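Asker: Provide a 3D model corresponding to the input given below.
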Amino acid sequence: MQDKPHSSAGNKIAPFRRKFFDSDEVITRIGHGSLGGKALGLAFIKDTIKNGLDPKDYQSIATNIPTLTVIATDHFDTFMHQNDLYDTGLSNIPDDRIAHAFQNAELPVELLGDLRTLISKVHSPLAIRSSSLLEDAIYEPFAGVYVTKMIPNNQPDTDTRFQKLVEAIKFVYSSVFFKDAKSYIGATKQSIENEKMAVIIQEVVGKRHWDRFYPHISGVARSYNFYPTGHANPEDGVVDLALGLGKTIVDGDRSWTYSPAFPKAVPPYNSIGDLLKETQTEFWTINMGRPPEYDPIKETEYMMKGNLKDAELDGTLDFLASTYVPDRDRISPGIGAKGPRLLNFAPILVNTQIPLNNLIKTLLKLCEDAVGTAVEIEFAITLDNRTGLPARFGFLQVRPMVVSDEKVDVSMDELIGDNILAASENVLGNGIIDGIQDVVYVKPESFSAQNSPHIAMELENLNRKFISSGNPYLLIGFGRWGSSDPWLGINVNWGQISGAKVIVEATLPDMNVELSQGSHFFHNITSLKISYFSVHHEGKYKIKWGWLDRQNVVTEMNYVKHVKLESPLKIKVDGRSGRGVILK
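Answerer: I've put the predicted structure just below:
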C-alpha cells in the first residue's frame, strides 16, 4: 500500500491471551515479530470497515473480519534455526521432501502452550493462512504463492486437533521454500533469504451441511477492471462470485463475473447454451465427515468437492441460482422450476433480495480511500437458508492493485499492418515495453487440452533458464492461463512462467473460453506490470504464426518452441482503451 500506511497497524494488535472467540479483540498476535503483509492489511483496514459502514444501511448483514490470531515471524526464525532447516529449504530438492523435513521438525516450545490452549477451546473449522514479510510490498504481492491449509477441527479429542493444527502451521512454513515460491521471488528480484513467514489462524466463514462445511458465497472484488464489457468502465470495478470456498476463484475456475455498476447485465456469451456450459458446476468444501487418507503435505487434505445437486440438497442454491426452462428457452431466476441450474446469483443481483452489491461497492470505496490506490478484496458470505437474511459478510483480505497512469495511445489503425505479430482490443496492463527478443509459444498443431500438464512442464524448464539469465520473454499459449482445470486452459503455476514479461492468451475452436480475472494469477500479473493479451481465433486480429515459425529456433520440444528474433519487439498497451499491439 502506498508508503505502507498499515505498517504501524501491527503495533496496535493485542497479544493473544489464550482466548479466541471469547476475546474482546478480533485480531490478536502470538510473538513479537512482524505479522506479515496479509495480517497487517486486515489490521489496518479493521477500523475503516467498522467505522465506515452505516449500520442502518446494512443492518441485516453483519460485516466483520473473521476472528484470527497471528503467529509472528520471530517464531518462524526460531523454528528455522533450532531445526537447522535453511540448508534444506534453500536446496533444490523436490517440494514434498522439503515439506516432509519441516513436518519432522519441532515448533518452538514457547509457542506450543498458546496453540494447545487455543485448539482446546475451538471446535469449528480453521484456515491456516500464510502472511509473509514480502507480501507487504505493493509491487510484489505474492498472491497465491504460498499455501493455505483448511482443517475441520471437529475431532473429539484435543490431542488430535492440536496435532492437525501443528501440521498445518509447519506446512505453511515449508511453502516459503517450494519451487513455485522460489521462482516467484527470483522474478521479483527479491532474495528468499530475506523472506519470513507469519501464520494466520482464522475461523472459516461457513455453515455445516451434513459432511460439508462451506460459505454460500465466496468472492473477489476489484475497484479497477482491466477488462470491462458492455457499458462498464475500468473504474467501475469487477466482482467474481462462486458457491463454496474461495479456492474456485483463486484457481481461476468457473465463477460468475459482473460489474458492480451493472449487476443485472449478462456476460457476453453467444447463446444460453454457452452460458450453461460455462456455469460453475462444482464447489469446494471442508470435509467434516470420514477422515481422509493421512497426507499432511497436501493442501487439500481436508477439502472435497460437491456438485449442484449436493448444494440443492443442502438448501444453499435458493438465493444463488437460476433455472433454464427449455419449453420457453429462457433463464428464470430461482430454482422453483424444473431444469438445469445456472449459478448466476440472479436472486441477489437482479431481484436485489439481499443488498450485497451495494455493500461490495461501499467496501471497495472505503478500502480504496484508506489505501490510497485501487484495491482487491476477498470475502465469504453465509445466508439464512430459509429467508436469506440475516447474513454474514466475512472480510478476508485487502491488497493494493497497481494501475499505471502512464499515458499510451494506441489507435484502432495501429492494430492492423504487416509489421504486427499480434494485436487485441482486450489487453491487461498499460505502458511500452522494449527489448524482448525471445518468444516462447505453444505450438498450435501440437496443442491439446489433455496434454496441459506436459505443456506446463516444458514451459517450466524454459522459464527456469530465463530466470537464471534475467532475460524477459514473450509467452503465447491457448486457453485460460493458470486455470486448475486443463479443459479451460494450461494449468501452470505462476512459478512456471514467472519470467515472462508479456503473455498472450489465444483461443482455438476447441479451446474458446472467457478470460477469468478472479484468480491470484491475475493479481500477480497486474502488480508486476506484465502485459496480458487476449486474442480470439475468430476475431479480426490474428497471430502471425507463419512468421514465428520462420524465426531462429533455440529450443523445440513436443509442445513448446523457443525462438530468438533478430531485432527486439516493441509492445504498446493503452490501459484506458484496452488496446494493445506487439510490433515486429
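
Asker: what residues are up against residue 29?
Answerer: Neighbour list for residue 29: 10, 13, 14, 15, 16, 35, 69, 70, 72 [criterion: CB atoms under 8 Å, 6 or more residues apart in numbering]. For every residue, glycine as well, the C-beta is placed using N, CA and C.

Asker: wait, is residue 219 part of a helix?
Answerer: No - per DSSP: H, G, I helix; E, B strand; the rest coil, residue 219 lies outside any helix segment and is strand.

Asker: My guess is it contacts residue 244. True?
Answerer: No - taking contacts as CB atoms under 8 Å, residue 219 lies outside contact range of residue 244: 11.4 Å.

Asker: Pick out whichever of the two has more residues nearby.
Answerer: residue 244 (28 against 24; other CB atoms under 10 Å).

Asker: Report the separation between the closest residue in space to residue 289 that isn't next to it in sequence and residue 176.
Answerer: Among residues not flanking residue 289 along the chain, residue 211 sits closest, at 3.1 Å (CB to CB, 6 or more residues apart in numbering). Distance, residue 211 to residue 176, by CB to CB, to the nearest Å: 33 Å.

Asker: so where is this protein shaky, pLDDT-wise?
Answerer: 1-11, 135-144, 189, 270, 404-405, 514-524, 526-527 (pLDDT under 70).

Asker: ok, now with 50
Answerer: 1-3, 5, 138-139 (pLDDT under 50).

Asker: all helices for the stretch 1-150 of the chain, in order.
Answerer: 36-52, 73-82, 86-89, 95-103, 109-121 (DSSP state H, counting those that start in this stretch).

Asker: So which bits of the fourth one are buried?
Answerer: When burial is assessed from 16 or more other CB atoms under 10 Å, helix 95-103 yields the following buried residues: 95, 98, 99, 100, 101, 102.

Asker: Please render these as TSV that adds distance to residue 560 to the earlier fields.
Answerer: Below are these laid out as TSV (distance: CB to CB, whole Å):
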residue	distance to residue 560
95	23
98	27
99	28
100	31
101	32
102	33
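
Asker: between the residues you listed, which is nearest residue 447?
Answerer: Proximity of the buried residues of helix 95-103 to residue 447 (CB to CB) peaks at residue 95, which lies at 27.3 Å.

Asker: In contact with that closest one: list those residues for me.
Answerer: Contacts of residue 95 (CB under 8 Å, 6+ apart): 178, 179.

Asker: go again using 10 Å as the cut-off
Answerer: 174, 175, 177, 178, 179, 180, 181, 182, 297 (CB atoms under 10 Å, 6 or more residues apart in numbering).

Asker: Which of the residues you listed fall within helices?
Answerer: 174, 179, 180, 181, 182 (DSSP state H).

Asker: Could you export these as CSV, including distance to residue 76 and neighbour count?
Answerer: Converted to CSV, the ones in helices among the contacts of residue 95 look like this (distance: CB to CB, whole Å; neighbours: other CB atoms under 10 Å):
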residue, distance to residue 76, neighbour count
174, 11, 27
179, 20, 17
180, 19, 20
181, 14, 25
182, 17, 21
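
Asker: Give me the phi and psi for residue 279.
Answerer: Residue 279 adopts backbone torsions of phi -70, psi 150, taken as degrees, to the nearest 10.

Asker: again, but for the one 3 residues further on
Answerer: Backbone geometry at residue 282, expressed as degrees, to the nearest 10, gives phi -130, psi 160.

Asker: and if you look at residue 505?
Answerer: Dihedral angles for residue 505 - degrees, to the nearest 10 - are phi -100, psi 110.

Asker: Surely it touches residue 489?
Answerer: Yes - shown here, residue 505 and residue 489 form a contact pair, counting by CB atoms under 10 Å, at 7.5 Å.

Asker: overlap in contacts of the two?
Answerer: Common neighbours of residue 505 and residue 489 (CB under 10 Å, 6+ apart) are 477, 478, 479, 480, 481, 482, 511, 513, 515.

Asker: ok so the second one is a helix residue?
Answerer: No - secondary structure assignment (three-state DSSP) places residue 478 in strand, not in a helix.

Asker: what's the neighbour count on it?
Answerer: The number of residues near residue 478, taken as other CB under 10 Å, comes to 26.

Asker: Next up, the contacts around it.
Answerer: 441-442, 444, 447-449, 452, 455, 489-490, 504-508, 510-513, 535, 537.

Asker: domain assignment for this structure?
Answerer: 7-49+66-204, 208-285+302-353+375-403, 412-583 (automatic domain parsing).

Asker: Using a markdown table, lay out these together with distance to residue 291.
Answerer: Listed next are the domains of the chain as a markdown table, based on distance: least, CB to CB, whole Å:
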| stretch | distance to residue 291 |
| --- | --- |
| domain 7-49+66-204 | 8 |
| domain 208-285+302-353+375-403 | 8 |
| domain 412-583 | 24 |
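
Asker: between the ones you listed, which one is nearest to residue 360?
Answerer: That would be, of the domains of the chain and by CB to CB, domain 208-285+302-353+375-403, which comes in at 5.2 Å.

Asker: what's the span of that closest one, first residue to last?
Answerer: 39 Å (CA to CA, to the nearest Å).

Asker: just stretch 316-332 next, same as before
Answerer: 17 Å.

Asker: can you check stretch 71-88 too?
Answerer: Start-to-end, stretch 71-88 (CA to CA) is 22 Å.

Asker: how distant is the longest strand along the chain from the center of its chain?
Answerer: Of all segments of type strand in the chain, defined using DSSP state E, the longest is strand 560-574. In this view, strand 560-574 has its centroid 28 Å away from the chain centroid, taken as CA atoms, centre = their mean, to the nearest Å.

Asker: for stretch 365-372, same thing?
Answerer: 20 Å.

Asker: Show me which positions of it end up buried.
Answerer: 366, 367, 368, 370, 371.

Asker: State the phi and psi torsions of the last one.
Answerer: Right, the one you point to is residue 371. Torsion angles, degrees, to the nearest 10, at residue 371: phi -80, psi -30.

Asker: ok so, going back, now neighbour count and distance to residue 148 too, for the contacts of residue 29, in a markdown table please.
Answerer: Converted to a markdown table, these look like this (neighbours: other CB atoms under 10 Å; distance: CB to CB, whole Å):
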| residue | neighbour count | distance to residue 148 |
| --- | --- | --- |
| 10 | 21 | 21 |
| 13 | 21 | 20 |
| 14 | 13 | 24 |
| 15 | 13 | 24 |
| 16 | 22 | 20 |
| 35 | 28 | 16 |
| 69 | 26 | 16 |
| 70 | 29 | 14 |
| 72 | 23 | 18 |
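
Asker: would a markdown table of the residues you listed with distance to residue 82 be doable?
Answerer: Listed next are the contacts of residue 29 as a markdown table, based on distance: CB to CB, whole Å:
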| residue | distance to residue 82 |
| --- | --- |
| 10 | 24 |
| 13 | 25 |
| 14 | 27 |
| 15 | 22 |
| 16 | 21 |
| 35 | 21 |
| 69 | 22 |
| 70 | 20 |
| 72 | 16 |
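
Asker: and residue 12, how many residues sit next to it?
Answerer: 11.

Asker: repeat for residue 311
Answerer: 27.

Asker: Also residue 384?
Answerer: If we define neighbours as other CB under 10 Å, then residue 384 has 16 of them.
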